[in-house]
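# The amino acid sequence is not available; the structure is as follows:
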């Protein structure tokens, strides 16, 4: 089945519902997931896009817009930066975002956040940012950020929609339901602020990869949003601040 036909079938049988996010009296915090060179800058590494990608470009543009609006207002921002120690593998992925390579740093458009005090940076060494935020003493940087900033609404953007973004969002929803994240009430995922990578089946096979490694971008982006929404996240297609 062609990707276009598959996407049409998904939209018919597993429809998504989007809303507009309008900032109101609830305290909102922005979470940026892994918008680093190793995932979003052309040619920057094993898991970076091999060529210019419209979905990735849109994600970075929208994230930059939101991050500037949040920091100008003094609203809380948390950014995950995927960072691995050299030689320490993360199965099933090839080496990526190793410390000291530059892959682990913000994409050029977001470099200004590195020294911005309004943005809390969390370097993580695993897919799931909530797990990667656990410190050696057992405390958790995400829990602290939500509590210290009294975050009631969490607005999430980043890459990859169906991997790091989804794993983080699903864990946050469970943690919220388990009363670990007061006063967090709602988790919103901004579709235009998220992206994933593209590896069509024919390309995967030509590269000698397994068929299961196929990863059509639009389909996996859609599925990531579907599973987050099915667990209680709210999908938004526009953000008004």
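Yep, that arrived. If you're wondering where the values come from, they're calculated on a predicted model, not measured in any experiment.

# How about residue 111: what's its closest non-neighbour residue?
Excluding its sequence neighbours, the residue lying closest to residue 111 (CB to CB, 6 or more residues apart in numbering) is residue 105, at 7.4 Å. Every residue, glycine included, has its C-beta placed from N, CA and C.

# how far away is the one you found from residue 51?
21 Å (CB to CB, to the nearest Å).

# who has more neighbours, these two?
Neighbours were counted for residue 105 and for residue 51 using other CB atoms under 10 Å; residue 105 has more, 19 against 7.

# Report all helices and strands that the lengthiest strand in the chain contacts.
Longest strand of the chain, by residue count under DSSP state E: strand 186-195. Applying 3 or more CB pairs under 8 Å, 6 or more residues apart in numbering; DSSP states H and E, one finds that strand 186-195 contacts helix 54-73, strand 153-159, helix 166-177, helix 217-230, strand 234-240.

# what about 10 Å?
Applying 3 or more CB pairs under 10 Å, 6 or more residues apart in numbering; DSSP states H and E, one finds that strand 186-195 contacts strand 19-22, strand 28-33, helix 54-73, strand 153-159, helix 166-177, helix 217-230, strand 234-240.

# Of those, give the one that comes closest to residue 117.
Proximity to residue 117 (CB to CB) singles out helix 54-73 among those, at 9.0 Å.

# Show me how far that closest one is from its chain's centre.
13 Å (CA atoms, centre = their mean, to the nearest Å).

# before we move on, the earlier item: turn the helices and strands packed on strand 186-195 into TSV, including mean pLDDT, mean neighbour count and distance to residue 193.
Formatted as TSV, the helices and strands packed on strand 186-195 follow (pLDDT from 0 to 100; neighbours: other CB atoms under 10 Å; distance: least, CB to CB, whole Å):
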stretch	mean pLDDT	mean neighbour count	distance to residue 193
strand 19-22	98	13	10
strand 28-33	98	26	9
helix 54-73	98	18	4
strand 153-159	98	26	3
helix 166-177	98	20	13
helix 217-230	97	19	12
strand 234-240	97	16	8
